[in-house]
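In: what's the 3D shape of this:
(2 chains)
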Amino acid sequence: MKLRILLADDHEIVRRGLCSLLQKHEGWEVCGEASDGREAVEMAKRLKPDVVIVDIGMPSLNGLDTTRQLMQHDPQFKVIVLTITDSDQVIREALDAGARGFVLKSDAARDLVSAVEALQSKRMFFTPRVNDLVLAGFLDKGHVVARNEAPSLPTLTVREREITQLLAEGKSSKEVATLLNLSTKTVETHRSNIMRKLSLHSIRDLVVYAIKNNIIQIQMPAQIRSAPETTVV
Amino acid sequence: MQHRKSENCMAVRILLVDDHPIVRQGLRTLLQGRQDWEVVGEASDGIEAVEKVESLQPDVVVLDVTVPRMNGLEACRLIQQKRKNSGLEVLFVTQHDSPQTMREALDAGARGYVVKSNAARDLLEAVESVSQHRVFTALARSPQASG
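Out: The predicted structure follows:
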């Protein structure tokens, strides 16, 4: 029986590359492709893939929240997060969200097959840097206790994070309501709760919050002078 | 344009430049459907792109704006400087869905500009157009491609 893989990335060009890479492996099949997180969740529920590969920076519902929703629906889902950054915060969030694999997009051609093989054997797979962090005790109890002792930051519910992303992407409350099958009034209530919890006073503040907390990703303007570049796909 | 002869007579020879191998793989997959096109090489940064243009002499360079060591706009300028009158054309395939960046790309000597989010839709037509020295631009914001 073939290992069934669902791909979620908003760039078809990346999905084509991933498909091409994965389908060379005998016994694997890409059973579906989603272009945003919301579609990924719906397809995963319907197709029940063995492995889900999600890009972290997708519109409508980002990769981390997609992972959270998948885990909420069924903790047996095996998710690999594809990301352009391996910052501490992103790594921590991906692991907290329930991802079992973490691969840098720049290394996907090299690491993704190994990642899927690992998950197929019920193991986890992380880029070397994440492994180093784990070994350094990043996730050990001592560290977790230290985090718990720190002043707690306001936490948003899964629904609130969804709405934060959509509002930060520029959607109106009415548009969010239509997308999420809610009433506009409900969205407005969530919006007020979000702003109050986070002590924000404007949509601009919300956008800044969303960027800082990897709920949305921004595209840096192109530089015309030669300089070391952050690469974005 | 004088296409160099290869096993496919009159094949359009294409160099792919992007720092993500997975993106280059995706581009290859899209391009491989055309028998009269040949991907002759790949580069992962601007400096390598310039070097490979010299060594491989492609007809079309498919280039990302944001690549390391030398960004795509600088690389395009340098390529066009070195290969003036050779008929080589540059097509940008980039994340930057910005009219300003597109203008800069065309000013740098590119003939085409498409956005990665629509690359699957626009790439073939874009390569076709620029290989025939026709401008092809398509931002995600505007529904119509102009060529």
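
In: where do the helices sit along chain B?
Out: Using DSSP state H, the helices found in chain B span residues B:21-31, B:46-56, B:72-82, B:99-107, B:119-131.

In: may I see those arranged in a markdown table, with mean pLDDT and mean neighbour count as well?
Out: Every residue, glycine included, has its C-beta placed from N, CA and C. Listed next are those as a markdown table, based on pLDDT from 0 to 100; neighbours: other CB atoms under 10 Å in any protein chain shown:
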| stretch | mean pLDDT | mean neighbour count |
| --- | --- | --- |
| helix B:21-31 | 95 | 22 |
| helix B:46-56 | 96 | 19 |
| helix B:72-82 | 95 | 22 |
| helix B:99-107 | 96 | 17 |
| helix B:119-131 | 95 | 21 |
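
In: would you turn the ones you listed into CSV with distance to A:Arg92?
Out: Putting the helices of chain B into CSV (distance: least, CB to CB, whole Å) gives the following:
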stretch, distance to A:Arg92
helix B:21-31, 25
helix B:46-56, 34
helix B:72-82, 33
helix B:99-107, 33
helix B:119-131, 32
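
In: make TSV out of those and add distance to chain A.
Out: Listed next are these as TSV, based on distance: least, CB to the nearest CB, whole Å:
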stretch	distance to chain A
helix B:21-31	3
helix B:46-56	8
helix B:72-82	5
helix B:99-107	5
helix B:119-131	4
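
In: specify the beta-bridge partners of B:Val61.
Out: The bridge-partner assignment for B:Val61, based on DSSP bridges, gives B:Leu15, B:Val90.

In: pull the number of nearby residues for it.
Out: 31 (other CB atoms under 10 Å in any protein chain shown).

In: surely it and B:Phe92 touch.
Out: No. Taking contacts as CB atoms under 8 Å, B:Val61 lies outside contact range of B:Phe92: 9.3 Å.

In: check whether the helix or strand where A:Ile80 lies comes near chain B.
Out: In the assignment (DSSP states H and E), A:Ile80 maps to strand A:79-83. No. Strand A:79-83 is not in contact with chain B by CB under 8 Å from any CB of the partner chain; minimum separation 8.8 Å.

In: which residues touch that strand?
Out: A:9, A:51-57, A:63-64, A:67, A:70-71, A:90, A:94, A:97-105, A:108, A:112, A:115-116, A:119, A:125 (CB atoms under 8 Å, 6 or more residues apart in numbering or on different chains).

In: same question for stretch A:172-181.
Out: A:38, A:60, A:162-163, A:166-167, A:171, A:182-184, A:186-188, A:191.

In: swap the cut-off to 7 Å and go again
Out: A:162-163, A:166-167, A:183-184, A:187-188, A:191 (CB atoms under 7 Å, 6 or more residues apart in numbering or on different chains).

In: next one: stretch A:92-109
Out: Taking CB under 7 Å, 6+ apart as the rule, stretch A:92-109 contacts A:18, A:21, A:64, A:67-68, A:71, A:78-84, A:86, A:91, A:111-112, A:115, A:118-119, A:124-127, A:130, A:139, A:214, A:231, A:233, B:19-22, B:25.

In: narrow these to those in strands?
Out: Among those, the members found in strands (DSSP state E) are A:79-83, A:125-126.

In: and those as TSV, adding pLDDT, distance to B:Asp122 and neighbour count?
Out: What follows is the ones in strands among the contacts of stretch A:92-109, written out as TSV (pLDDT from 0 to 100; distance: CB to CB, whole Å; neighbours: other CB atoms under 10 Å in any protein chain shown):
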residue	pLDDT	distance to B:Asp122	neighbour count
A:Val79	97	31	27
A:Ile80	97	29	27
A:Val81	95	28	27
A:Leu82	94	23	27
A:Thr83	90	26	25
A:Phe125	92	34	21
A:Phe126	88	35	25
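
In: measure the most centrally placed residue in chain A to A:Ala40 for me?
Out: With distances taken as CA atoms, centre = their mean, A:Gly63 lies nearest the centre of chain A, 1.9 Å away. Here the criterion is CB to CB, to the nearest Å. By it, A:Gly63 lies 8 Å from A:Ala40.

In: ok, A:Val30 to A:Asp111 distance?
Out: 17 Å.

In: ok, B:Val127 next?
Out: In terms of CB to CB, B:Val127 sits 30 Å off from A:Asp111.

In: which residue sits closest to residue 68, ignoring its sequence neighbours?
Out: Let's take chain A. A:Ala97 (4.7 Å; CB to CB, 6 or more residues apart in numbering or on different chains).

In: my question was about chain B
Out: Nearest to B:Pro68 is B:Asp45, by CB to CB, 6+ apart, at 4.6 Å.

In: B:Asp19 is in contact with that neighbour, correct?
Out: Yes. Shown here, B:Asp45 and B:Asp19 form a contact pair, counting by CB atoms under 7 Å, at 6.2 Å.
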